[in-house]
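In: After the sequence you'll find the predicted model.
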Amino acid sequence: MRSVQATVLSAAVAASAARLLKPAAGVKPHIVMHLADDFGWANAGWHRPGGYAEVQTPRMNALVKEGIELDQAYSFKFCSPTRSSLQSGRLPVHVNMVNLAPNVWNPSDPVSGFAAIPRNMTGIATKMKEAGYATHQVGKWDAGMATVDHTPQGRGYDTSFGYFHHDNDYWTEEVSGFVDMYNETGSTTWAGAAPDYKPTDGPAYGYNGSCTGEWEKQCGMVGPEEVYEEFKFKTRVLEIINAHDATDQDHPLFLCYTSHIVHEPLEVPNATFHQFDFIGTSAVGDYEHHRQTYHAMVTYMDGVVGSMVDALQAKGMWENTLWFHQSDNGGPSFSGSSHTANNYPLKGSKMTDWQGGIRVNAFVSGGLLKTVAPQRIGSKLEGITHICDFYTTWCALAGVSPEDERAEAAKLPKVDGVDLTDYLLGKTEVSPRTEVFASPTVLVMEINGTKWKLFGNDDEVNAALPNLELAPHELNCSVENPGVCLKAAPIIKKMPGTDKGACCAACLANPQCIAWNINTYLGECFLRSAAGPTDPGANCTSGQVRPYTPPPPGPPKPVSVGIACWMGPEYPNGTVNPGCNAVMECPHGCLFNLDEDPGEHYDIAAVHTDVVEILAARLRVLQQTVFNPDRGGNAQKAQEYAVARGHFWGPFVFP
């Protein structure tokens, strides 16, 4: 039986066939995306001097040398928002800014009331299928799980093999008491419950939990490669490459390999770990073997990359391949982190908007560059790029429109990605991207060739949300506003019931009440002392009974930015705890010239008030576009479905 999403995708592909465009490179290339996890700036070999023994990434170094280094590439400061951005083509502020577990759910919002990507946004794999690509995903997903639409297959991948959460155990694949490992094929439905499940129905039965029995006591920080999760991912990506029909030019390969490495937990095969024993005996020492294990994991990842390149070359596919690499955020070195990386000489860590958290390792390579952009080989591009730009760029390379009509119909944010093909292929020397709205309080912008960065405040985020603002003759119980919540307005009283007339009458009877709203999902009436800010909600109805004037904005709040520190060439070491707890105070916002001060050492806001004014004005405009729906809380149904599947995580909201 065909799955529902397969039928929907087939219809979408057929409907779009007449809209195909000419591929930007003249041919439709094979496209491989490698998204690394928590990959520190200083943990990449091409950011170290030649011969540096602690960082060993020879295969990726070679790809950079044979390709294009993207030196000003940006991601979000942590996992799920970056992955949502990559798959949807939106900046994280327009798709997902929170790192929620995939088992959250807000039943009152059937479109956006879930973790990660809203249901009605079109995934990049769906676009690539429209252009005829064979689409595959392997590794960490972290872009939604609640419904079948949120899975990789629901986003357009023909097959997928990986896990849904931020991380799982490399040896057992477990997280939060259940196994997190899926295996989607063309016949996957995610329907039914154990013991009726078949191996094709979603959970990766037979692949997980290999580190049991005879292996159980051998798996900890190190263990045998045969049962290592990344080895399983390596095996699958090689199977996909080797099975692809290289002679079928109408159906090239789109492979999205989203490695678990280098995310926690710190676990790596024995042999790779012992390649770096010299770190533990180094003069500076090694904090709890963190540096040794992390660098060993990086090297293991590099080996997977090398095996994939070798397989593409052996199949005769490399000469028509473009390879994209980027990290989902900077390396982690924050208090409580057990898997410390190194972003030296950049400031800060994952979980922060310092450059060490959002400026990341990135490059484009592949054999096709020799044909379409030989002048770019070995170059370093200094223009600003963002991971969401790959969505639009791949659409251009495939010859399909990046526009998302389904999202537009649902009134969701539009695709933000810009087309980088002319920039990558050397047809222009200027990046089409001039700014990154990195988070609600941070803006990176290039002005007249200089890159600036402003840490502002979030005063405008709530201020940008509208109030009801009803006319005097509408201040009565006859005017209702379906689909409008008063989520942030102060509550005077709440009462059980969903009768709108009774709720409004109660508001009229209370002289402190300005507005009321009903939430049918909660079954409650709320009396409120303000008529805003408002927020959309499918189960809400609201009304206003008295005039309301929003209070004037107060003075700008001071800005405090945490993890304001720098690492060093060998970090962490035996004398430095990986936690980095310094805070930088910015009374009126912090400004940095990223060209002259890429390490963000000097706040020059007081010197360049004109630049602060320009960036602050732009930030206020952008803050009005922030997308931040109520995604709900942990859903008991997720655990119930996991139990029914034999303790495997997966979708839990049907249909």
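Out: Looks like it arrived, so ask away.
In: Now do the same for the residue nearest the centre of the chain: helix, strand or coil?
Out: The chain has residue 82 as the residue nearest its centroid, 2.0 Å off, counting by C-alpha atoms, centre = their mean. Secondary structure for residue 82, judged by DSSP: H, G, I helix; E, B strand; the rest coil, is helix.
In: quick one: it from residue 99, how far?
Out: Distance, residue 82 to residue 99, using C-beta to C-beta, to the nearest Å: 10 Å. Heads up, the C-betas are built off the backbone N, CA and C, glycines and all.
In: what about the residue nearest to the centre of the chain, distance to residue 113?
Out: Distance from residue 82 to residue 113, by C-beta to C-beta: 21 Å.
In: now swap in residue 357 and tell me
Out: 28 Å.
In: again with residue 30
Out: 37 Å.
In: same check, this time on residue 528
Out: Counting by C-beta to C-beta, the gap from residue 528 to residue 113 is 22 Å.
In: How far does stretch 490-505 sit from its chain's centre?
Out: A distance of 39 Å separates the centroid of the chain from that of stretch 490-505, by C-alpha atoms, centre = their mean, to the nearest Å.
In: what does stretch 97-116 give?
Out: 14 Å.
In: can you check stretch 396-404 too?
Out: That offset, for stretch 396-404, works out to 21 Å (C-alpha atoms, centre = their mean).
In: Contacts for it, please.
Out: The contact list for stretch 396-404, computed with C-beta atoms under 8 Å, 6 or more residues apart in numbering, reads 16, 19-25, 28-29, 31, 89, 121-122, 127-128, 130-131, 133, 254, 322, 391-392, 395, 412, 414-415, 417, 419, 421.
In: which of these are buried?
Out: Among the contacts of stretch 396-404, those scoring as buried are 16, 23-25, 28-29, 31, 89, 121-122, 127-128, 130-131, 133, 254, 322, 391-392, 395, 412, 415, 417, 419, 421 (criterion: 16 or more other C-beta atoms under 10 Å).
In: Break down the stretch 501-650 of the chain into its strands, ranges please.
Out: For the stretch 501-650 of the chain, the strands defined by DSSP state E, counting those that start in this stretch cover 515-519, 524-528, 535-544, 559-562, 583-586, 590-593, 633-634.
In: Would you tell me which of those gets closest to residue 243?
Out: Nearest of those to residue 243, taken as C-beta to C-beta: strand 633-634 at 38.7 Å.
In: strand partners of that closest one, parallel vs antiparallel please.
Out: According to DSSP bridges, strand 633-634 forms sheet pairs with strand 104-105 (antiparallel).
In: mind checking how far the next helix or strand after the strand it pairs with is from the chain centre?
Out: Note on strand 104-105: by DSSP states H and E, the next helix or strand toward the C-terminus is helix 124-130. Remark: helix 124-130 is offset 18 Å from the chain centroid, using C-alpha atoms, centre = their mean.
In: Ok, stretch 76-92 next?
Out: Centre-to-centre, stretch 76-92 and its host chain are 3 Å apart (C-alpha atoms, centre = their mean).
In: wait, what's in contact with the nearest residue to residue 492 once chain neighbours are set aside?
Out: Spatially, and ignoring its direct neighbours in sequence, residue 492 is nearest to residue 527 (4.6 Å; C-beta to C-beta, 6 or more residues apart in numbering). Contacts of residue 527 were listed using C-beta under 8 Å, 6+ apart, and they are 491-495, 503, 506-507, 510, 513, 516.
In: can we see that at 6 Å?
Out: 492-493, 507, 510, 513, 516 (C-beta atoms under 6 Å, 6 or more residues apart in numbering).
In: beta partners of it?
Out: residue 493, residue 516.
In: again with residue 327
Out: The partner residues for residue 327, given DSSP bridges, come to residue 36.
In: isn't it right next to residue 363, touching?
Out: No: Residue 327 is beyond contact range of residue 363, at 10.7 Å (criterion: C-beta atoms under 6 Å).
In: per-residue confidence for residue 520?
Out: According to the prediction, residue 520 has pLDDT 80.
In: unless I'm mixing things up, residue 583 is touching residue 559, no?
Out: No: between residue 583 and residue 559 there is no contact under C-beta under 6 Å: 10.4 Å.
In: Quick one: residues contacting residue 184.
Out: 153, 160.
In: What ranges does the stretch 301-450 of the chain have for its helices?
Out: 355-358, 369-372, 389-398, 405-409, 421-424 (DSSP state H, counting those that start in this stretch).
In: any weak-confidence spans in the stretch 501-650 of the chain?
Out: 536-538, 553-557, 575-579 (pLDDT under 70).
In: Same question for the chain.
Out: Looking at the chain by pLDDT under 70, you get 1-20, 192-201, 210-219, 335-339, 458-465, 536-538, 553-557, 575-579.
In: Residue 535 - how many residues pack around it?
Out: As a burial measure, residue 535 scores 19 neighbours (other C-beta atoms under 10 Å).
In: The one 4 residues further on now?
Out: Residues near residue 539, counting by other C-beta under 10 Å, number 20.
In: For residue 357 and residue 113, indicate the residue with more neighbours.
Out: Per other C-beta under 10 Å, whichever of residue 357 and residue 113 has more neighbours is residue 357, with 29 against 23.
In: can you tell me which residues contact that one?
Out: So residue 357 contacts 77, 330, 348-350 (C-beta under 6 Å, 6+ apart).
In: again, only using 10 Å
Out: When contacts are counted by C-beta atoms under 10 Å, 6 or more residues apart in numbering, residue 357 touches 75-78, 329-334, 343, 346-351, 438-439, 442, 563.
In: what does residue 443 give?
Out: Per C-beta under 10 Å, 6+ apart, neighbours of residue 443: 353, 435-437, 452-456, 614-616, 618-620, 622-623.
In: dump the residue contacts of residue 121.
Out: Counting by C-beta under 10 Å, 6+ apart, residue 121 has contacts 84, 87-90, 94-96, 111-112, 144, 149, 155, 404, 406-407, 410, 412-413, 415.
In: wait, doesn't residue 161 sit right on residue 255?
Out: No: with contacts counted by C-beta atoms under 10 Å, residue 161 stays clear of residue 255, the gap being 11.6 Å.
In: Now for those two: what residues contact both?
Out: Common contact partners of residue 161 and residue 255 (C-beta under 10 Å, 6+ apart): 136-138, 237, 240.
In: of those residues, closest to residue 279?
Out: Of all the shared contacts of residue 161 and residue 255, residue 279 sits closest to residue 237, with 28.6 Å by C-beta to C-beta.
In: From residue 256, how far off is the closest one?
Out: Distance, residue 237 to residue 256, by C-beta to C-beta: 10 Å.
In: just residue 495 next, same as before
Out: Residue 495 is 49 Å from residue 256, by C-beta to C-beta.
In: more crowded one of those two?
Out: Taking neighbours as other C-beta under 10 Å, residue 495 and residue 256 compare with residue 256 leading, 26 against 13.
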